[in-house]
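Trainee: Need coordinates for the below:
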Amino acid sequence: MYKTRSWFLLKIILLFIVGLAALPSFGQQTAVKGIVTDAVTKETIPYASFMVIGSGKGGRTDADGRYNIVIEGNWTQLRFSYIGYKSQFKTIKTGISQVIDIRLQSEAMQMNEVVIKGGKKPAYRNKENPAVELIRKVIANKPKNRMESYDYVAYQKYERMLFSMSNLSEKFKSRKIFRNYQFLFQEQDSTKIGGKNLLPVFQQEKLSDNYFRKNPEKLKTIVIADKQVNFDERFVDNKGLSTYFDRMYRDIDIYDNNISVVSNLLLSPIADGAPGFYKFFITDTIKTHSPHLIELSFTPRNKMDMLFQGKLYVTMDGNFAVQNAYLTVNKDINLNFVRGLEAKLEFEQNPDHRYHLSKSNLIVDFGIMKKKGAGFTGERTVTYNNYTINQPAADSIYTNSTALVVVPDAVKRTEQFWASNRPEVLGAANMNVYRNLDTLQTIPSFKRTMDIVTLFFAGYKDFGPFEVGPVNTFYSFNNIEGFRGRLGGRTTPALSKRYYFETYAAYGFDDQKWKYFLSGTYSLNNKSIYSFPQNFLRASFQRDTKIPGQELQFVQEDNFLLSFKRGENNMLLYNDFYKLDYVHEFENHFSYTLGLRKWSQTPAGSLYFNSSAESLFSRTNQISTSEVTLNLRYAPHEKFYQGKLYRTPLIDKYPVFNLRYTAGLKGVLGGEYNYHNFMGSIEKRFYLSQLGYADITVEGGYNLGKLPFPLLAIHRANQTYAYQLQAYNLMNFLEFVSDHYASIHIDQNFNGFFFNKIPLLRKLKLREVMSLKVLYGGLRDENNPANNPEAMQFVRNQDGLPITYALNDGPYMEGSVGIGNIFKILRVDAVKRFRYLNNPEVSNWGIRARVKFDF
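Mentor: Residues are numbered from 1 along each chain as shown. Down below sits the predicted model:
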């Protein structure tokens, strides 16, 4: 099962830790300090460079434009510089603590002062701009400077990911909770991103051989070594954590139109449309390099858009290739929790005098507080070695259809192997990260802390072979059951890696009925049934309530927060499920599930089953079916985080395909109906560069057979006040049923593209969202009680008015416009219903909210 809640909770854990630590350090650490600002606008300049002339020592200003440095020796001059600004030199007095504030003057302003008369500064423009002419040549030559221009490419790739708590004060280090953990802390130059004190919490190294073929195109990766910090699987999905960091810190290809950074797409400075979004300046010519280089500085036209700023070094040999690049972002960019970002790209020359990426380094500093306080810093370094071109590898490399192969002993490489194969020597502090974090997990106080955090956020309390939870289902309420208490749990791999059991019991104090669940699962591949790829057999029985038509994919139905609903909510089903399921997943992310289910459903509350139009008393107490189901799912290149309860897919550009077939078996195990149901869906995210992204889901279904309405497609409605992506938010429960239907859902996120242009409003860093949901459907005469008196009648309310309908008068439609990123976590939509407005007890519009954590 796939959910967003578990990964959301993991993110909240990280923010919770940062929140506790977010206290600034006020200790005087430097002899020289100050703030760097724009001479005209007086705005601070983050990450401006400063250098002690003659010493080689320097650094960058912080996110608020502040700097501080301790200078040892008799050096007397500082130089300050930043892209698009004229460098400035300042004389300092040795042996004295002092404050020196810097006002940098714009390069553009300097050029304008030479040309413009009357003192009026003209607007920047692309026409007759030599910097823009140069960048257009870089763009025109992109195809030949990319790896894809070669027939064959082979290289070895080394990756290292380090994730640390950062900007930690001395006061934080000395807290009682860290008394036994002092060995974990690291120190670095205080001017670097992340500050002086770091506490590493994750590290991974990976070594792979990579082979590219142009025709037919294929990139094959063979991982030959993989080493990472491994946490207790009770608390953390180690593989999922590594996958998430890979998603956040992707390889940077400057030649792509869009570059993925912290799960957002930023427009490349050499994208086809870059001159329309960036300002470019020629700031230097480097003649000491062969070939000569042009230093091309660039800044975003709108400093809040998803754009970089930085420098490119372009070869002047006719290839107009990027030889080096420095990328950062404006301090006002509409990115959440990002306090600093810096990427450096280095290129080496091939035998044909073109260039390939030889090394990249990406550092991102995260924090709740924008200017100070503790946070997290992640650094990913990638090195490319043994780069060969146009030398085909053995055919066996390409014949295997799997794009990623991990050799069997990749995770068992010795330290001697790593010492011999790392392209650079790993420092002693980083070498100790693995050992330190292994030691940390043996300390009882750390185990207790993780146990509490897991209970509070993931919802389970671990007792070794058995864990109790989830706690958010312990209490809920509805109009039929009243107050509902529930207690349950499940076994863990500590009991067995083959056998798993799960159970719960619940009691409604108004209906005075017990509900319960019991399942037993046998793992066929001797892996945890919660790890990929799954291969297990499960038998289960469940007696519980269910809202008709609700198949909640993102939360549990007895979640306390779903107890709050609008309108009438007095229709439930009492269900008995006997199920036998076989689940088999493959490494290519194709999976199938074969299931056998006996299902009995009994109406409750104001819901009733009336089998005849002639009499209101021809009611059926129960519907019984026996079904066999085949589910097929294909999610190419899917990545996910495995939580305590569910998987959380890390949504990417790749589609997800689902196909389900269900056959009803009359006369088998008490089944009363024969039928054939088909359902298919496709989900895909479309990235639209500066216009954000659109999530689109297309779904269709067809039911063959004469069926009562509870066995038809009861369309997913939502009567809570939470905005649900896959439900119709202004449709009532049980309002529409179909035996054939097609739908499309479009959810568009603009990432602040329009709000970023509105003065004052843009400071709030809000983001625009829109959605449209269209549902076509209908009923054949045999299933429509309006045309067939023998069909089971639709439910009517106490006034005798029908509350269930067929979609015979055109599609159901609803849309919304909303504001996202409120307080960085909240989305609020104004939802409007466009069709079937005369149905009883419907809302034409409403306000719905959704918590969404995103960068």
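Trainee: how about stretch 342-356: buried residues?
Mentor: 342-347, 349, 354-356 (16 or more other C-beta atoms under 10 Å). For glycine as for every other residue, the C-beta is placed from the backbone atoms N, C-alpha and C.
Trainee: ok, which pair from those residues is furthest apart?
Mentor: Using C-beta to C-beta, the buried residues of stretch 342-356 reach their maximum pairwise distance at 342 and 354, which is 26.4 Å.
Trainee: Just the closest of the buried residues of stretch 342-356 to residue 796, please.
Mentor: residue 343 (63.5 Å).
Trainee: and the closest one, bridged to which residues?
Mentor: Note on residue 343: beta-bridge partners by DSSP bridges are residue 327, residue 362.
Trainee: In this structure it contacts residue 327, no?
Mentor: Yes. At 4.2 Å, residue 343 counts as touching residue 327 under the criterion of C-beta atoms under 8 Å.
Trainee: where do the contact lists of the two overlap?
Mentor: Shared contacts of residue 343 and residue 327 (C-beta atoms under 8 Å, 6 or more residues apart in numbering): 252, 310.
Trainee: Figure out the length between the terminal residues of stretch 406-424.
Mentor: 23 Å (C-alpha to C-alpha, to the nearest Å).
Trainee: Then stretch 794-807?
Mentor: Stretch 794-807: ends 13 Å apart by C-alpha to C-alpha.
Trainee: sorry, back to before: could the buried residues of stretch 342-356 be laid out in TSV, adding distance to residue 489 and pLDDT?
Mentor: Below are the buried residues of stretch 342-356 laid out as TSV (distance: C-beta to C-beta, whole Å; pLDDT from 0 to 100):
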residue	distance to residue 489	pLDDT
342	46	93
343	46	95
344	49	94
345	50	95
346	53	94
347	55	95
349	61	93
354	61	92
355	58	94
356	54	95
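Trainee: which one among these gets closest to residue 794?
Mentor: Nearest member of these to residue 794, counting by C-beta to C-beta, is residue 343, at 59.8 Å.
Trainee: got a list of what the closest one touches?
Mentor: 252, 261, 310, 325-328, 360-363.
Trainee: ok, 10 Å please
Mentor: 249, 252, 254, 259, 261, 308, 310, 325-329, 360-364, 380 (C-beta atoms under 10 Å, 6 or more residues apart in numbering).
Trainee: Buried residues, stretch 399-407. List them.
Mentor: Within stretch 399-407, the residues scored as buried using 16+ other C-beta under 10 Å are 405-406.
Trainee: got it, and stretch 638-658?
Mentor: Going by 16+ other C-beta under 10 Å, stretch 638-658 has these buried residues: 638-652, 656.
Trainee: Out of those, list just those in strands.
Mentor: 640-642, 647-649, 656 (DSSP state E).
Trainee: Farthest pair within those?
Mentor: 642 and 656 (16.9 Å).
Trainee: With respect to residue 422, which of the ones in strands among the buried residues of stretch 638-658 is nearest?
Mentor: Nearest member of these to residue 422, counting by C-beta to C-beta, is residue 641, at 28.2 Å.
Trainee: How about the secondary structure of the closest residue to the closest one other than its chain neighbours?
Mentor: Nearest residue to residue 641, sequence neighbours excluded (C-beta to C-beta, 6 or more residues apart in numbering): residue 240, at 3.6 Å. Using DSSP: H, G, I helix; E, B strand; the rest coil, the structure places residue 240 in helix.
Trainee: need the contact list for the residue nearest the centre of the chain.
Mentor: With distances taken as C-alpha atoms, centre = their mean, the residue of the chain nearest its centroid is residue 650 (4.9 Å). By C-beta under 10 Å, 6+ apart, the residues touching residue 650 are 7, 240, 243-244, 246-248, 263, 638-641.
Trainee: what would these look like in a markdown table with distance to residue 698 and pLDDT?
Mentor: Supplementary listing: these in a markdown table, determined by distance: C-beta to C-beta, whole Å; pLDDT from 0 to 100:
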| residue | distance to residue 698 | pLDDT |
| --- | --- | --- |
| 7 | 25 | 46 |
| 240 | 28 | 81 |
| 243 | 27 | 85 |
| 244 | 28 | 84 |
| 246 | 29 | 87 |
| 247 | 25 | 84 |
| 248 | 29 | 85 |
| 263 | 24 | 86 |
| 638 | 18 | 90 |
| 639 | 22 | 87 |
| 640 | 22 | 84 |
| 641 | 26 | 80 |
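Trainee: Determine which two of these are furthest apart.
Mentor: Once C-beta to C-beta is applied, the contacts of residue 650 give 248 and 638 as the farthest pair, at 16.5 Å.
Trainee: Tell me the first helix or strand C-terminal of the helix or strand that contains residue 212.
Mentor: Taking DSSP states H and E as the definition, residue 212 sits inside strand 197-213. Beyond strand 197-213 on the C-terminal side, the first helix or strand identified by DSSP H and E is strand 218-228.
Trainee: for that next one, packing partners?
Mentor: Under the contact definition 3 or more C-beta pairs under 10 Å, 6 or more residues apart in numbering; DSSP states H and E, strand 218-228 sits against strand 152-166, strand 197-213, helix 238-248, helix 395-399, strand 404-406, helix 415-421.
Trainee: got the contact list for stretch 123-141?
Mentor: 108, 112, 145, 254-255, 257, 268-276, 278-283, 294, 296-299, 301, 312, 314-316, 318-322, 354.
Trainee: could you flag which of the residues you listed are buried?
Mentor: 108, 145, 254-255, 257, 268-271, 274-275, 278-283, 294, 296-299, 312, 314-316, 319-322, 354.
Trainee: So which of these sit within strands?
Mentor: Filtering the buried ones among the contacts of stretch 123-141 for strands - DSSP E - leaves 278-283, 294, 296-299, 312, 314-315, 322.
Trainee: List the buried residues in stretch 798-806.
Mentor: Per 16+ other C-beta under 10 Å, stretch 798-806 contains these buried residues: 803-806.
Trainee: Run the chain-centre distance for stretch 787-807.
Mentor: With C-alpha atoms, centre = their mean, to the nearest Å as the basis, stretch 787-807 stands 43 Å off its chain's centre.
Trainee: Stretch 43-55 too?
Mentor: 34 Å.
Trainee: what distance separates the start and the end of it?
Mentor: End-to-end for stretch 43-55, by C-alpha to C-alpha: 29 Å.
Trainee: Show the average pLDDT along that stretch.
Mentor: Here stretch 43-55 scores 79 as its mean pLDDT.
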